[in-house]
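1. show me the folded form of this:
(one chain, ligands or ions: 1)
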Amino acid sequence: MLLNRIINYLYSFCTISFFVFVLLSCNPGDNFAPTISTIDPLSGKEGTIVTITGTGFSNDTTENVVLFNGKESVEIILATATQISALVPVGATSGSVSVTVGGKTITGPEFKVFEIEITSISPTGGKVGTEVIITGNDFSLVPDENLVKFNGIVAEVSAATNTSITTSVPEGATTGPVTVTVENQTMESGEFHVILSTVPENFKIAFIGDTGTDSNADAVLNLIKSESAAVVVHAGDLDYLDIPLVFEANINKVLGKNFPYFYCVGNHDEKEWDGADGYQQYQEARFNRLGITWSGQLGVLSSFYYNGMFFVTSAPDEFGIGSEQAGNYIRDELTTDNSIWRVAIWHKNQELMQIGGKEDQAGWNVYEESRKAGAIMATGHEHSYSRTHEMSHFENQVISSTSNTINLQKDNPATAGLDEGRSFAFVSGLGGKGIRDAEGGLDNNPWWASVYHINNGGQHGVLFGEFNYNGDATLARFYFKDIDGTVIDTFFVRSELE
Ligand SMILES: [Fe+2]
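-> As a prediction, the model looks like this:
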């Protein structure tokens with residue numbers, strides 16, 4: 001009897017258990033806690049399909065709540081009792097994955113949300129072959145799995161960690177952003193300046209200022225054309241009419257609209273500098289036509305490369321910019337550059353750095369910071385020509401050499417107390433808008449290597465500089481030629497900046 005009772009009891013129990021089991025099987029989420037055994041893959045980006053394997057899931061995709069570090073996946077594309085396929089949601093961060101079914105939650109392993117990032121690039125400019133370190137996050141440890149491009153040109157990756165890539169500037173690279181692509185994710189850095197190793201042979205720049213638009217200005221432009229200059233650097237005071245269109249048309253008439261004609265702001269250009277059809281906009285349009293990129297406010301505080309040379313424009317005593325600000329800008333821009341030839345361009349003067357009636361306006365900081373960086377100083381404003389010897393100090397007017405070859409040197413920051421910076425400055429203000437006299441004996445100051453003004457037969461003209469002179473990359477030959485064909489100053493410049 002007892003056996004029968006036991007059998008009956010067991011039978012009833014099994015029957016009930018069976019029905020309970022069936023009940024639970026029909027609706028497992030309501031009663032059984034889910035489990036997670038694996039997550040595949042364990043890392044990925046937003047939108048990656050992640051397969052979660054386990055038990056106790058619901059067949060109904062809407063009854064499984066999947067969180068990636070607390071962020072809900074809004075797209076569950078497949079669900080069975082043992083598998084869920086969910087997309088990594090937008091905005092997800094690295095952390096645990098959890099599944100909630102019927103109010104019960106299981107937390108699974110960590111999922112790493114992979115998001116490549118570039119935080120810095122060093123250096124930010126260099127020649128072909130220069131080693132460049134890209135710092136950031138989520139790079140591939142396998143060097144070849146990081147696709148690095150310099151403005152679209154693929155570069156070789158020699159080493160990689162999760163946070164850094166070692167690469168070098170590829171042959172044929174041009175200035176532009178650096179991109180890193182890892183597993184179809186691409187991140188872009190700021191601009192990398194590609195420095196050409198040498199400027200073209202006998203690369204000729206015409207340095208002028210203070211032109212106007214009358215026949216003298218035309219004669220100057222025609223001289224530039226007949227001397228086959230490749231570039232014009234105009235140190236401000238353009239047409240004196242406040243009509244940028246007229247100035248632009250005058251350049252284009254003689255040299256063409258795609259001629260590399262670079263100018264900075266002068267006191268006569270401030271009024272129509274900004275805005276639509278302003279001088280700056282014409283300059284920007286020209287740069288864009290030529291494919292030249294720049295940083296800063298073009299023609300005011302700006303810098304750019306052209307054919308392997310580095311140019312910095314500044315504007316002391318224009319638009320309320322003081323000498324200190326302008327000089328510091330020059331210093332900062334020149335610090336990041338390694339070119340052999342660097343030119344600092346601004347309009348105004350210090351009284352002792354011109355020979356006419358101009359007072360102290362530019363301040364010394366622009367001269368001193370340019371000198372310490374070994375940059376050539378191109379100015380205008382006074383309507384005559386004056387060119388210094390090699391100087392080791394401008395504020396104190398210290399001449400370091402009267403040789404006909406000027407040596408450009410940078411100050412070496414390692415030698416504290418010793419200032420090795422050497423350079424020269426000139427006023428090339430005979431661009432067409434009149435010829436002035438020398439005043440107060442300023443033209444007799446010993447630092448002038450050459451002066452040209454109304455009292456010594458001055459005529460409108462141009463200072464030409466030929467860089468990479470006859471294939472000597474660190475040599476330049478300069479000559480001032482007037483519109484009558486007379487050469488009144490010839491000298492050489494040796495760059496010791498490498
Ligand atoms: Fe001026």
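2. touching, residue 235 and residue 344? I think so.
-> No. Look at residue 235 against residue 344 with CB atoms under 8 Å: they stay out of range, at 10.0 Å. C-beta coordinates here come from the backbone N, C-alpha and C atoms, glycine included.
3. list residues touching both of these two?
-> residue 378 (CB atoms under 8 Å, 6 or more residues apart in numbering).
4. helices along the chain, start to end?
-> 2-26, 215-226, 244-255, 279-290, 323-335, 365-372 (DSSP state H).
5. what is the mean pLDDT for the fifth one?
-> Mean pLDDT, helix 323-335: 96.
6. which residues touch the closest residue to the ion within the stretch 251-400 of the chain?
-> Among all residues of the stretch 251-400 of the chain, residue 381 sits closest to the ion, at 4.0 Å; criterion: CB to the ion. Applying CB under 8 Å, 6+ apart, one finds that residue 381 lies in contact with 209-210, 235-237, 266-267, 347-349, 354, 358, 361, 427, 429.
7. quick one: which of those is most hemmed in?
-> residue 429 (33 neighbours; other CB atoms under 10 Å).
8. run a quick check on that residue versus residue 209, I expect a contact.
-> Yes. Residue 429 is within contact range of residue 209, at 4.6 Å (criterion: CB under 8 Å).
9. need the overlap of contacts for those two.
-> Shared contacts of residue 429 and residue 209, counting by CB under 8 Å, 6+ apart, come down to 235, 237, 379-381.
10. now pLDDT and distance to residue 398 too, for the residues you listed, in TSV please.
-> Putting the shared contacts of residue 429 and residue 209 into TSV (pLDDT from 0 to 100; distance: CB to CB, whole Å) gives the following:
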residue	pLDDT	distance to residue 398
235	98	24
237	98	29
379	98	19
380	98	24
381	98	23
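11. the residues you listed in strands, which ones?
-> Cross-referencing the shared contacts of residue 429 and residue 209 against strands under DSSP state E gives residue 379.
12. kindly reformat the shared contacts of residue 429 and residue 209 as JSON lines containing distance to residue 481.
-> JSON lines is the format used below for those (distance: CB to CB, whole Å):
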{"residue": "235", "distance to residue 481": "17"}
{"residue": "237", "distance to residue 481": "20"}
{"residue": "379", "distance to residue 481": "19"}
{"residue": "380", "distance to residue 481": "17"}
{"residue": "381", "distance to residue 481": "21"}
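13. just flag the most distant two among the shared contacts of residue 429 and residue 209.
-> In these, the most distant members under the criterion CB to CB are 237 and 379, with 10.8 Å between them.
14. between the two, what contacts are shared?
-> By CB under 8 Å, 6+ apart, the residues touching both residue 237 and residue 379 are 209, 347, 429.
15. with distance to residue 388 and pLDDT added, can I get the residues you listed in CSV?
-> Converted to CSV, these look like this (distance: CB to CB, whole Å; pLDDT from 0 to 100):
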residue, distance to residue 388, pLDDT
209, 16, 98
347, 17, 98
429, 15, 98
